[in-house]
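Participant: my questions are about this predicted structure, shown below with the sequence.
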Amino acid sequence: MPGRLFETYIFALFNENLKPGAADERNFGLFRPDFSPVYDIGIMRPGQAGGGGASPSPVSTGGKQWCVPRAEASDAALQENINWACSNGVDCQPIEAGGACFDPTTVRSHAAYVMNAYYQSKGHQNFNCDFSGTGVLATSDPSYGECKYLA
């Protein structure tokens with residue numbers, strides 16, 4: 001489902017072939033001990049079938065990511081993010097009246113622009129999109145109309 005964000009929990013990255021007990025408890029991982037994938041779930045880059053002691057590579061998202069509010073983030077928390085980012089070097093003119101990202105005039109929309117501007121300006125580190133647990137990285141461009149998000 002392109003353009004959709006799925007949050008998930010990975011129980012085990014590797015099968016635990018030395019784990020004592022029932023054999024079924026040893027096989028919850030995505031990779032075998034030789035780094036070859038157990039399932040083809042589309043997280044390996046082409047030509048990386050594993051084996052030979054090579055480490056699996058990180059998932060590639062095409063290189064572009066945007067910081068946006070989590071769906072469950074409250075307007076109060078998002079307003080705090082706007083206030084904090086705008087007082088810490090983010091250019092907030094685009095979300096002010098007459099700015100390219102003023103409409104729609106919702107806290108969530110304005111927070112998305114500001115949170116992403118902060119994340120992009122600080123060097124694309126995951127912790128720069130945390131915002132006390134209210135931010136999440138997305139791989140689909142949230143830009144709309146004249147409002148262009150940096151990537």
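Facilitator: Cool, the structure landed.

Participant: switch to C-alpha atoms for all contacts and neighbour counts from now on
Facilitator: Noted.

Participant: quick one: the strands in the chain, in order.
Facilitator: Per DSSP state E, the chain carries strands over the ranges 12-14, 29-31, 66-69, 135-138.

Participant: which elements pack onto the last one?
Facilitator: Looking back up the chat, that one is strand 135-138. With contacts defined as 3 or more Cα pairs under 8 Å, 6 or more residues apart in numbering; DSSP states H and E, strand 135-138 has these neighbours: strand 66-69.

Participant: same question for the third one.
Facilitator: For strand 66-69, the elements it packs on are helix 107-121, strand 135-138, judged by 3+ Cα pairs under 8 Å, 6+ apart.

Participant: pLDDT on the longest one, on average?
Facilitator: This means helix 107-121. In this model, helix 107-121 has a mean pLDDT of 96.

Participant: what's it packed up against?
Facilitator: Using 3+ Cα pairs under 8 Å, 6+ apart: helix 107-121 touches strand 66-69, helix 75-86.

Participant: so which residues make contact with the shortest one?
Facilitator: Outside of strand 66-69, the residues within contact range by Cα atoms under 8 Å, 6 or more residues apart in numbering are 78, 108, 111-113, 115-116, 119-120, 129, 134-142, 149-151.

Participant: just the buried members of these?
Facilitator: 78, 108, 111-113, 115-116, 119-120, 129, 134-139, 142, 149-151 (16 or more other Cα atoms under 10 Å).

Participant: dump the residue contacts of Glu146.
Facilitator: 100-101.

Participant: kindly report the same for Tyr113.
Facilitator: Contacts here follow Cα under 8 Å, 6+ apart; on that basis Tyr113 touches 68, 95, 101, 149.

Participant: quick one: mean pLDDT for stretch 129-142?
Facilitator: Mean predicted confidence for stretch 129-142 is 92.

Participant: per-residue pLDDT, Lys64?
Facilitator: 89.

Participant: and the gap between the residue nearest to it when sequence neighbours are not counted and Pro104?
Facilitator: Closest residue to Lys64 apart from its sequence neighbours, by Cα to Cα, 6 or more residues apart in numbering: Ala151 at 5.9 Å. Separation of Ala151 from Pro104 (Cα to Cα, to the nearest Å) stands at 21 Å.

Participant: ditto for Val38
Facilitator: 45 Å.

Participant: and those two? Which one has more around it.
Facilitator: Val38 (15 against 10; other Cα atoms under 10 Å).

Participant: what's the distance between the more buried one and Gly29?
Facilitator: Relative to Gly29, and taking Cα to Cα, Val38 is found at 7 Å.
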